[in-house]
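Colleague: Sequence and predicted model, in that order:
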Amino acid sequence: MNFDLTSMPVTIDLLHAILGIIALVFLALFLIRSRNISPAAMDNLAVQPESAAASAPVAETITSSQLKTTSPDAALQLLALLQQEARFIDFIQEDLLGFSDADVGAAARVVHEGGKKVINDYFSLTAVRDEQEESRITLPEGFDATAVRLTGNVIGQAPFTGTLIHRGWKVTEVRLPKLAEGHDAHVIAPAEVEL
């Protein structure tokens with residue numbers, strides 16, 4: 001995609017600030033969930049292409065025996081880091097109706113910068129696909145359906161040829177700090193008392 005940076009707004013409006021924060025939350029949840037699905041379960045994901053007669057979307061199926069129970073500690077730890085560096089929970093919990101878009105945009109800038117620092121400090125990210133966005137690509141038979149989501153008119157079987165809308169993101173390394181024994185990860189931001 002090509003963007004003319006001179007035509008972009010210099011302030012962030014309320015809608016875009018909230019969308020950015022929601023995107024961070026979904027990214028965190030995705031990263032935590034993708035870490036906790038076993039490689040065997042990933043290999044057994046079945047993609048069922050849409051037929052011309054039935055308009056069912058591409059579906060992934062995992063049997064209950066392939067799911068494992070996860071500890072919420074990593075998700076809570078990520079929330080704590082986002083709160084510490086970006087005041088993320090404070091921002092989400094704040095009632096923004098009384099604030100101007102400029103005030104919300106200024107707060108969103110703090111959340112964005114702090115959130116970016118957390119992502120860069122604790123995760124290594126890379127693009128799923130190397131091709132340029134908006135380029136035409138062909139997905140061969142047996143492509144990794146966990147790394148590529150088909151959208152639009154999905155009919156038949158691979159190979160599929162389409163336009164790369166988004167290159168995707170994947171985590172190549174997670175460097176969350178180790179938790180001390182007995183640490184209560186549910187306390188993501190302790191109360192502060194000034195004496």
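Modeller: Here it is on my side, so go on.

Colleague: hey, let's count contacts and neighbours off CA atoms from now on
Modeller: Fine.

Colleague: could you pull out the helices for this structure?
Modeller: 14-35, 39-43, 73-86, 88-93, 101-122 (DSSP state H).

Colleague: mean pLDDT for the ones you listed: which is lowest?
Modeller: Of all those, helix 39-43 carries the lowest average pLDDT, namely a mean of 45.

Colleague: dump the residue contacts of Trp169.
Modeller: Counting by Cα atoms under 8 Å, 6 or more residues apart in numbering, Trp169 touches 125-128.

Colleague: Save those residues as a markdown table, and put in neighbour count and pLDDT too.
Modeller: Shown next, in a markdown table, are the contacts of Trp169 (neighbours: other Cα atoms under 10 Å; pLDDT from 0 to 100):
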| residue | neighbour count | pLDDT |
| --- | --- | --- |
| Leu125 | 14 | 96 |
| Thr126 | 14 | 97 |
| Ala127 | 13 | 96 |
| Val128 | 14 | 97 |
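
Colleague: Out of the residues you listed, which sit inside strands?
Modeller: Residues of the contacts of Trp169 located in strands (DSSP state E): 125-127.

Colleague: Same list, those, but as a markdown table with distance to Ile155 please.
Modeller: Shown next, in a markdown table, are the ones in strands among the contacts of Trp169 (distance: Cα to Cα, whole Å):
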| residue | distance to Ile155 |
| --- | --- |
| Leu125 | 32 |
| Thr126 | 30 |
| Ala127 | 26 |
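
Colleague: The nearest residue to Phe88 once chain neighbours are set aside and Leu125, how far apart?
Modeller: Nearest residue to Phe88 in three dimensions, chain neighbours excluded: Leu82, at 5.6 Å (Cα to Cα, 6 or more residues apart in numbering). Leu82 sits 17 Å away from Leu125, going by Cα to Cα, to the nearest Å.
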